[in-house]
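Trainee: Next come a sequence and a model predicted from it.
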Amino acid sequence: MKTKIIIMSLFVLLSTSGHGSEVKAIKTIKKLGMSLKTELKNAMKISSQEAMKVCNTQADKITIASNTDLIKVGRVSEKNRNPQSFPKKWMVDGIKKLKAGKVKKPYIVVKVSSNKMGLLKSISTQPVCLKCHGSNINPQVLKQITSLYPEDKAVGYKLGDIRGYFWAEWELK
Ligand code: HEC
């Protein structure tokens, strides 16, 4: 009985402290990550060139479709492919901290404004990412990249490098 009460009050405490939104934000980011990965995996079964087309046309749609009524999510990178995926002002400090490894959790929560919160989570470079973000890219794929993204900066990444960041934003009620 006592434990039940403790658990219940903990639950109330967590949801009123805004921690509930943090959990929802992480969930939404995970969902976005999974959706992108599934799409990428399926297209890579055909070819890297096909996957390039899919990333080019679907990444944005998948991202928008992952937003919920409460939480907006997306991806950014300082060394980006899509020039629109550049970190916003509120992300700069958090990114610095994540890069320096100065965080206890695998993500960081930031106050965006008086009524808005934000969250950032690093995205690390895995083997499959190197096909389009590494240093030894297939010439056909590289051709696609430079024609679709003339200002591409998202190459030369190594395994384990931080490729970019998932972000989430939500309003405080
Ligand atoms: C088949 C090629 C391809 C592969 C493989 C690939 N990407 Fe990308 N990536 C792209 C393209 C194209 C974009 C730009 C999408 C757009 O227009 O928004 C992109 C964009 C991104 C972005 C958004 C920021 C930016 O630079 O515009 C991140 C983060 C990212 N990729 C991470 C990864 C990770 C992590 C992996 C491995 C799990 C990966 N990518 C694998 C082609 C690829």
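Mentor: Done, it's in.

Trainee: ok, which residues in the chain are in contact with the ligand?
Mentor: Contact residues, the chain versus the ligand (CB under 6 Å from any ligand atom): 40, 48, 51-52, 55-56, 59-60, 75, 77, 80-82, 85, 123, 125-126, 128-129, 131-133, 154, 163-164. Every C-beta, even on glycine, is put in place using the N, C-alpha and C of the backbone.

Trainee: which residues touch the residue nearest the centre of the chain?
Mentor: Nearest residue to the geometric centre of the chain (CA atoms, centre = their mean): F166, 1.9 Å. For F166, the contacting residues are 29, 32-33, 73-75, 120-121, 123, by CB atoms under 8 Å, 6 or more residues apart in numbering.

Trainee: So in that sheet, which strands flank the strand or helix carrying it, and in what orientation?
Mentor: If you go by DSSP states H and E, F166 is part of strand 162-171. Strand 162-171 pairs in its sheet with strand 71-76 (antiparallel), strand 116-124 (antiparallel), by DSSP bridges.

Trainee: buried sites along it?
Mentor: Buried residues in strand 162-171, defined by neighbour count with 16 or more other CB atoms under 10 Å: 162-170.

Trainee: then that strand to CSV, C-alphas only?
Mentor: C-alpha atoms of strand 162-171 as CSV (Å, rounded to 0.1, in the frame of the first residue of the first chain):
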residue,chain,number,x,y,z
ILE,A,162,28.4,12.7,-34.1
ARG,A,163,26.7,13.0,-37.4
GLY,A,164,24.1,15.4,-36.1
TYR,A,165,21.3,15.9,-33.5
PHE,A,166,17.7,15.0,-33.2
TRP,A,167,15.8,17.9,-31.6
ALA,A,168,12.4,18.3,-30.1
GLU,A,169,10.4,21.3,-29.0
TRP,A,170,7.3,21.6,-26.8
GLU,A,171,5.3,24.3,-25.2
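
Trainee: distance between it and the chain's centre?
Mentor: The chain centroid and the centroid of strand 162-171 are separated by 5 Å under CA atoms, centre = their mean, to the nearest Å.

Trainee: same check, this time on stretch 135-150
Mentor: Here the centre of mass of C-alpha atoms in stretch 135-150, compared against the chain's by CA atoms, centre = their mean, lies 23 Å away.

Trainee: got it, and stretch 124-138?
Mentor: 17 Å.
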